[in-house]
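Asks: the following block contains a protein sequence and its predicted model.
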Number of protein chains: 2
Amino acid sequence: MDTASPFRSVAIVGLGLIGGSLALATRERWPAVRVTGVDTESVIAHVRGSGAIDRSATDVNDVIDADLIVLAAPVRQNLDLLRGLRAMAVVATDVGSTKRAMVEAGRAVASAKFVGGHPLAGAERGGFAYARADLFEGRPWILTPDGDRSKPEVEALSRFVAGFGAKPVSMTAHAHDQLMAFLSHLPQLTASALMDVVGGATQAEGLELAGRGLIDTTRLSSSPANVWRDVCETNADAIGQALDLLIARLIDLRGRLDRSEAIDELFQDSAHWRGVLMKGRE
Amino acid sequence: MDTASPFRSVAIVGLGLIGGSLALATRERWPAVRVTGVDTESVIAHVRGSGAIDRSATDVNDVIDADLIVLAAPVRQNLDLLRGLRAMAVVATDVGSTKRAMVEAGRAVASAKFVGGHPLAGAERGGFAYARADLFEGRPWILTPDGDRSKPEVEALSRFVAGFGAKPVSMTAHAHDQLMAFLSHLPQLTASALMDVVGGATQAEGLELAGRGLIDTTRLSSSPANVWRDVCETNADAIGQALDLLIARLIDLRGRLDRSEAIDELFQDSAHWRGVLMKGRE
């Protein structure tokens, strides 16, 4: 029931794919909640007709009655927004892909209790045009409280996002950033590097002959640079360690390409993990 | 018209995904062509009910009337079959993923003119159970003649496979192996290595939180080891060079993760090549 919503007025800063989907999902699941969209004039003009927001602002500090503030811009912008937050709220959270820098910045914020958040949902294309109310359905939504100090806030956020069908999962910002370095950041950078190398070596004439294998393996390579610049900068140490492991694996393989036991070992191990990855999904 | 088929009796050795699809496609497009399936007794028993073949044999040298012999086993088995070929035919070809070793072995064959072949078609799963008459529709079918000595045979094969909707493309075995090292072999090994590293680091609990990015990037990692063992062994030099380029790209990236211009450069270049790759496909 809508009366059970833990928040009554939500300000969403950044109305791209995630922020826009959050506005639409709030509208659908918690219709009595007041939704304020915060973005540039031109984005607001685009979003207004959709009915996803009740009110708009171009500065989050002009929103005086929100009890939840969600930062949904790229990570470095979220960091600046959080450090400059003066609007009073019960909880502030974000939806960015790295968490340690945000949680650290959140310690200095006096106007709201900050709890880091990361919905593990995405789509091939960004922007409000691709936003969907059901984007978070069945997907994990990681929350990264700073120690034990935010139990009621974590509980309220968990109830709120569970309303969209998301599955709230709590872990430390450190554990989150380590895990995402492998599950998300390493695959992204590998797909980009692979596409760069294959394109450079084969050129357009070669790529014309490519099949579904290359197409699937490099799907992530059209991701936007502005989002990933911030991710790499705020998780460089963990991503570096993940890259080191992949580089070492490739160097080992490279030295044993003509040894059938080396190929068997790689394919057995990777098929095993692929089976674990796909378990319950097909 | 069926009377236009350049071959009247085709023996297909190995009735897996490619060989089985070739049998079904021949049946559909060239119904008067006699199709002999060559495989083990147990595979033949499985295939017989499908109507894909007219006759069967367990040894290609027992097939006395074929004017086209197609080797559709893994590469090293194809090499052994080609070296031992005594059955007389106009043309022998294969459908394997590497071509230099086959073309070289083909020079010593007296009973048929050998022209290497490689249909760039595949599916997520192998075996006759997944074979389809339309597998080659719209896909390139590379032919690798040994110099200029096989013009009539290349022309006959081109007409035959164009009947299935495939697009015949001719190139040297060397050019083929170089190109495939980048378009196919490098993406395969990268997907396998990535899955191995990510699985090993995050274990089952971590993989449960993975999203579509990792799933797509590692789709190839369930490919069968027996096929890839042979590919790596017969194309080790070209694959090694492709791996060297990827490893160098990853090492360069690893050293500049916190430099926004390095990330921008990678994402710009890879998005450019991704655009070229996808041109005309979406």
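Replies: Okay, I see it.

Asks: can you name the element that comes right after the longest strand along chain A?
Replies: Scanning chain A for the longest strand, with DSSP state E as the assignment, gives strand A:113-119. Note on strand A:113-119: by DSSP states H and E, the next helix or strand toward the C-terminus is strand A:140-144.

Asks: could you point out the helix or strand that follows that following strand?
Replies: Heading C-terminal from strand A:140-144 (DSSP H and E), you reach helix A:151-162.

Asks: packing partners of that following helix?
Replies: strand A:91-94, strand A:113-119, strand A:140-144, strand A:167-170 (3 or more CB pairs under 8 Å, 6 or more residues apart in numbering or on different chains; DSSP states H and E). Bear in mind the C-beta positions are built from the backbone N, C-alpha and C, glycine included.

Asks: any buried residues in that helix, and which?
Replies: The neighbour-count check on helix A:151-162 (16 or more other CB atoms under 10 Å in any protein chain shown) flags A:153, A:154, A:156, A:157, A:158, A:160, A:161 as buried.

Asks: I'd like those laid out as CSV, including distance to residue A:172 and pLDDT.
Replies: Formatted as CSV, the buried residues of helix A:151-162 follow (distance: CB to CB, whole Å; pLDDT from 0 to 100):
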residue, distance to residue A:172, pLDDT
A:153, 16, 96
A:154, 12, 97
A:156, 19, 97
A:157, 16, 98
A:158, 16, 97
A:160, 21, 98
A:161, 18, 98
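
Asks: roughly how far apart are the nearest residue to residue A:161 once chain neighbours are set aside and chain B?
Replies: With CB to CB, 6 or more residues apart in numbering or on different chains as the criterion, residue A:161 has its nearest non-adjacent residue at 4.5 Å, and that residue is residue A:141. Distance, residue A:141 to chain B, by CB to the nearest CB, to the nearest Å: 11 Å.

Asks: contacts only, for residue A:141.
Replies: A:117, A:118, A:119, A:120, A:161, A:166, A:167, A:168, A:169 (CB atoms under 8 Å, 6 or more residues apart in numbering or on different chains).

Asks: might one say that the second one is in contact with residue A:99?
Replies: Yes. With contacts defined as CB atoms under 8 Å, residue A:118 counts as touching residue A:99 at a distance of 6.5 Å.

Asks: can you pull the phi/psi pair for the closest residue to residue A:154 other than its chain neighbours?
Replies: Spatial nearest neighbour of residue A:154, excluding adjacent residues (CB to CB, 6+ apart): residue A:145 at 5.0 Å. Main-chain torsions, residue A:145, degrees, to the nearest 10: phi -70, psi 160.

Asks: now do the one 5 residues further on
Replies: Dihedral angles phi and psi of residue A:150 (degrees, to the nearest 10) take the values phi -120, psi 30.

Asks: I'd say it and residue A:113 touch.
Replies: Yes. Contact criterion CB under 8 Å: residue A:150 and residue A:113 qualify, at 5.5 Å.

Asks: can you tell me how far residue A:184 is from chain B?
Replies: Distance of residue A:184 to chain B, given as CB to the nearest CB: 6 Å.

Asks: residues near that residue, how many?
Replies: 25 (other CB atoms under 10 Å in any protein chain shown).

Asks: and it, what's its pLDDT?
Replies: You'll see residue A:184 listed with a pLDDT of 97.

Asks: in a strand, it, correct?
Replies: No. The assignment for residue A:184 is helix, going by DSSP: H, G, I helix; E, B strand; the rest coil, so no strand is present there.

Asks: so who does it touch?
Replies: Per CB under 8 Å, 6+ apart, neighbours of residue A:184: A:97, B:211, B:213, B:214.

Asks: check residue A:56 too.
Replies: A:36, A:37, A:38, A:39, A:44, A:47, A:48.

Asks: again with residue A:163
Replies: Contact partners of residue A:163, counting by CB under 8 Å, 6+ apart, are A:5, A:25, A:29, A:30.

Asks: list the buried residues in stretch A:96-116.
Replies: The neighbour-count criterion (16+ other CB under 10 Å) identifies A:96-103, A:105-106, A:109, A:112-116 as the buried residues of stretch A:96-116.

Asks: try stretch A:131-150
Replies: In stretch A:131-150, counting by 16+ other CB under 10 Å, buried: A:131, A:133, A:135-136, A:139-146, A:150.

Asks: what about it, how long is it end to end?
Replies: With CA to CA, to the nearest Å as the measure, stretch A:131-150 spans 30 Å from end to end.

Asks: now do that stretch: distance to the chain's middle.
Replies: 10 Å (CA atoms, centre = their mean, to the nearest Å).

Asks: picking that back up, so the longest strand of chain A, near chain B or not?
Replies: No. Against chain B, strand A:113-119 shows no contacts by CB under 8 Å from any CB of the partner chain, the least distance being 10.1 Å.

Asks: contacts for that strand?
Replies: Residues outside strand A:113-119 that contact it (CB under 8 Å, 6+ apart): A:18, A:22, A:70, A:82, A:90-97, A:99, A:102-103, A:105-107, A:135-136, A:139-146, A:149-150, A:153-154, A:157, A:161, A:166, A:173, A:176, A:180.

Asks: one more time with 6 Å
Replies: A:91-95, A:99, A:102-103, A:106, A:136, A:141-145, A:150, A:153-154, A:157, A:173 (CB atoms under 6 Å, 6 or more residues apart in numbering or on different chains).

Asks: what's near enough to touch the most centrally placed residue in chain A?
Replies: Chain A has residue A:97 as the residue nearest its centroid, 4.2 Å off, counting by CA atoms, centre = their mean. Shown in contact with residue A:97 (CB under 6 Å, 6+ apart): residue A:231.

Asks: what about it, distance to residue A:142?
Replies: To residue A:142, residue A:97 is 10 Å away according to CB to CB, to the nearest Å.

Asks: now residue A:19
Replies: Distance, residue A:19 to residue A:142, using CB to CB: 17 Å.

Asks: care to break chain A down by domain?
Replies: Following automatic domain parsing, one finds the domains of chain A at A:2-171, A:176-278.

Asks: how about these, which one is nearest residue B:241?
Replies: Evaluated over the domains of chain A, closeness to residue B:241 peaks at domain A:176-278, with 9.0 Å, by CB to CB.

Asks: what ranges does chain A have for its helices?
Replies: Assigned by DSSP state H, chain A shows helices spanning A:17-29, A:41-48, A:75-83, A:100-106, A:151-162, A:173-180, A:186-207, A:212-217, A:225-234, A:236-254, A:260-278.

Asks: same list, these, but as CSV with distance to residue B:238 please.
Replies: CSV is the format used below for the helices of chain A (distance: least, CB to CB, whole Å):
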stretch, distance to residue B:238
helix A:17-29, 40
helix A:41-48, 48
helix A:75-83, 40
helix A:100-106, 42
helix A:151-162, 49
helix A:173-180, 35
helix A:186-207, 11
helix A:212-217, 16
helix A:225-234, 31
helix A:236-254, 12
helix A:260-278, 15
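
Asks: tell me which of the ones you listed sits nearest to residue B:277.
Replies: helix A:186-207 (4.7 Å).

Asks: what angle separates the closest one from helix B:260-278?
Replies: Inter-element angle recorded for helix A:186-207 and helix B:260-278: 50 degrees (by axes from the mean of the first three to the mean of the last three CA atoms, to 10 degrees).

Asks: ok, and for helix A:186-207, which residues are buried?
Replies: A:186-199, A:201-202, A:206-207.
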